[in-house]
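Undergrad: Quick one: sequence and predicted model below, then my questions.
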Amino acid sequence: MKRFIPFLNKGPVVPVIRLQGVISSGRGISDASMAPLIERAFGRGKPVAVALIINSPGGSPAQSSLIAARIRRLADEKKLPVHVFVEDAAASGGYWLACAGDDIWVDESSLVGSIGVISAGFGFPEFLSRHGIERRVHTAGRSKSLADPFQPEKPEDVARLKAIQAPIHEAFIDHVKARRGARLADADLFNADIWVGRQAVDLGLADGVAHLVPKLKELYGPKVRLMPLAPKRGLLSRFGFRAATAALQAVEDRAAWSRLGL
């Protein structure tokens, strides 16, 4: 009956999820925080597709993998295409998320790639000795104090860190190859380099330069309806009780973005 009433024909629906910021199990983007939105996007109504807006410098490999796996599981179950739109960056874990899409669209100035793994920190061994501070560490298991910042760096610690990074890097590479397949250029794409806009398209890391609204109208017609989904804010956060946490997150986010020169 509805098809005979023109004003009830509101056009196809595409839920839109924004994945913004650093990927982390504590703050920012995490599987726990995004799961309700992702489940709602695929499970509510009869969408024709799901769109992801990604703006992330990366973060936790495990959280990136969990979120991407959830998106792919639901997309396959519901048989829905997933379209990804990159803003400033889809780098490192952000690109891991982007590869959950069936196609990836970038801006001319988007930064894409950084398919690698990083471990960074500081060392303060001389600071302690200058101030007469004695560091006392007792462990059961020789690797328990791996890369202690208050002790001189040890070659065996560096070797151990690289051994940890290697399988994570391989998992990242396997994910990109599985999702992008023959679209990838025959080039060295997995050394953590970053490419801009059309460079990423030329290398097969993205499918074209396009923005959310015009691209979805092109794909689903001018009457397509975008349905933005956002996480609910807790009561305490509404009244500003998380100011200290937000300040700390801002510092950590700034450090992550700075690695991209942004």
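TA: All right, it came through fine.

Undergrad: What are the phi and psi values at Val16?
TA: When read as degrees, to the nearest 10, the backbone of Val16 gives phi -120, psi 120.

Undergrad: so it touches Arg225, yeah?
TA: No. With contacts counted by Cβ atoms under 8 Å, Val16 stays clear of Arg225, the gap being 10.2 Å. C-betas here are computed from N, CA, C, even on glycine.

Undergrad: Helices along the stretch 51-200 of the chain, start to end?
TA: 61-78, 93-98, 125-130, 155-180, 198-202 (DSSP state H, counting those that start in this stretch).

Undergrad: hmm, back to that, settle it for me: which of Val16 and Arg225 has more neighbours?
TA: Val16 (20 against 14; other Cβ atoms under 10 Å).

Undergrad: As CSV, the helices of the stretch 51-200 of the chain with distance to Val112 would be great.
TA: Supplementary listing: the helices of the stretch 51-200 of the chain in CSV, determined by distance: least, Cβ to Cβ, whole Å:
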stretch, distance to Val112
helix 61-78, 15
helix 93-98, 6
helix 125-130, 38
helix 155-180, 11
helix 198-202, 4
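
Undergrad: Which among those is found nearest to Ala32?
TA: Evaluated over the helices of the stretch 51-200 of the chain, closeness to Ala32 peaks at helix 61-78, with 8.8 Å, by Cβ to Cβ.

Undergrad: Let me see the contact set for Leu212.
TA: 16, 51, 53, 85, 226 (Cβ atoms under 8 Å, 6 or more residues apart in numbering).

Undergrad: Of these, just say which sits nearest to His211.
TA: Phe85 (6.7 Å).

Undergrad: quick one: the closest one from Ala192, how far?
TA: Distance, Phe85 to Ala192, using Cβ to Cβ, to the nearest Å: 23 Å.

Undergrad: ok, those two, which is more surrounded?
TA: More neighbours surround Phe85 than the other of Phe85 and Ala192, with 26 against 15 (other Cβ under 10 Å).
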